[in-house]
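A.B. asks: Please work out how this folds:
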Amino acid sequence: MQRMTEQATPAAALPEGLFADDAGCPRCRWCQATPLYRRYHDTEWGFPVADDRRLFEKLCLEGFQSGLSWLTILNKREGFRAAFANFDAEQMAAFDAHDVERLVADAAIVRHRGKIASTLNNARRVLELRSEFGSLAHYAWRYEPAAADRPARITSEVARTLSTSAASMAMSKDLKKRGWTFVGPTTVYAFMQAMGLVNDHLEDCHARALALQARAEFVVPRG
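C.D. replies: Sure, this is the predicted structure:
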């Protein structure tokens, strides 16, 4: 991946939905709050992922994010990783009722019993899915939308409408049929944004071109 360049951009010249850091580098405004948020935006969000553990982590955390801010989840991500065996589905599938009580008492994560139980259920479901498709990555990338089904330009106005899509509704419906929980169309669309199935960086965000380049170099997983 090419080195990120931070070219000075006058704040007054930026389109709606962007902000510039001290060096003038334009970014999507939603990541403005903290350096951690900006690193996530710059290096993860919208960049393609093929690793099953990372994909499962992203899908689980999007489920935990429901009703909360993503920054809350991001700030607790290391706590989630420690609590859930680094999102190793095989290990998580063996968690029992004692583990549920341990997790409910763990202040390093979001202590929502329903979401915790859902995450452990989904660990078992991902093992079933792997037996059919070979990997979670192969399954997920089957839902990458065609270019014709995506907006021609991601402006701030367009971005405000992007909370579900035909692809996220289809994946959500299929996952639910397979016994997954906390995988509604909005959660699935957020997962698709996070793992690079779609690139929703605004047009003039400096990370958009980097994510596009990463996708061009990416080899889509096959079964």
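A.B. asks: Just give me the neighbour total for the nearest residue to H41 once chain neighbours are set aside.
C.D. replies: Nearest non-adjacent residue to H41, counting by CB to CB, 6 or more residues apart in numbering: C31, 3.6 Å away. From N, CA and C alone the C-beta is placed, and that goes for glycine too. Here the number of neighbours of C31 (other CB atoms under 10 Å) works out to 22.
A.B. asks: same check, this time on L14
C.D. replies: 18.
A.B. asks: and if you look at D106?
C.D. replies: 17.
A.B. asks: Over to it: give its phi and psi.
C.D. replies: When read as degrees, to the nearest 10, the backbone of D106 gives phi -90, psi 110.
A.B. asks: any idea how far the residue lying closest to it once chain neighbours are set aside lies from K76?
C.D. replies: Nearest residue to D106 in three dimensions, chain neighbours excluded: A83, at 5.2 Å (CB to CB, 6+ apart). Using CB to CB, to the nearest Å, A83 is found at 9 Å from K76.
A.B. asks: Now the common contact residues for the two.
C.D. replies: Listed as contacting both A83 and K76 by CB atoms under 8 Å, 6 or more residues apart in numbering are 108-109.
A.B. asks: Now name the helix or strand holding S172.
C.D. replies: Using DSSP states H and E, S172 falls within helix 166-177.
A.B. asks: Can you give me the buried ones in that helix?
C.D. replies: 167-168, 171-172, 174-175 (16 or more other CB atoms under 10 Å).
A.B. asks: taking the mean pLDDT, what do you get for the helix or strand that it is followed by?
C.D. replies: Under the assignment DSSP H and E, the closest C-terminal helix or strand after helix 166-177 is helix 185-194. On average, the pLDDT along helix 185-194 is 98.
A.B. asks: what packs against helix 185-194?
C.D. replies: Other helices and strands packing on helix 185-194, by 3 or more CB pairs under 8 Å, 6 or more residues apart in numbering; DSSP states H and E, are helix 52-65, helix 166-177.
A.B. asks: So what does the closest residue to G196 other than its chain neighbours have for phi and psi?
C.D. replies: Excluding the flanking residues, the one nearest G196 by CB to CB, 6+ apart is P48, at 3.5 Å. Dihedral angles of P48 (phi, psi; degrees, to the nearest 10) stand at phi -70, psi 140.
A.B. asks: Contacts only, for V220.
C.D. replies: Applying CB under 8 Å, 6+ apart to V220 gives the contacts 141, 144.
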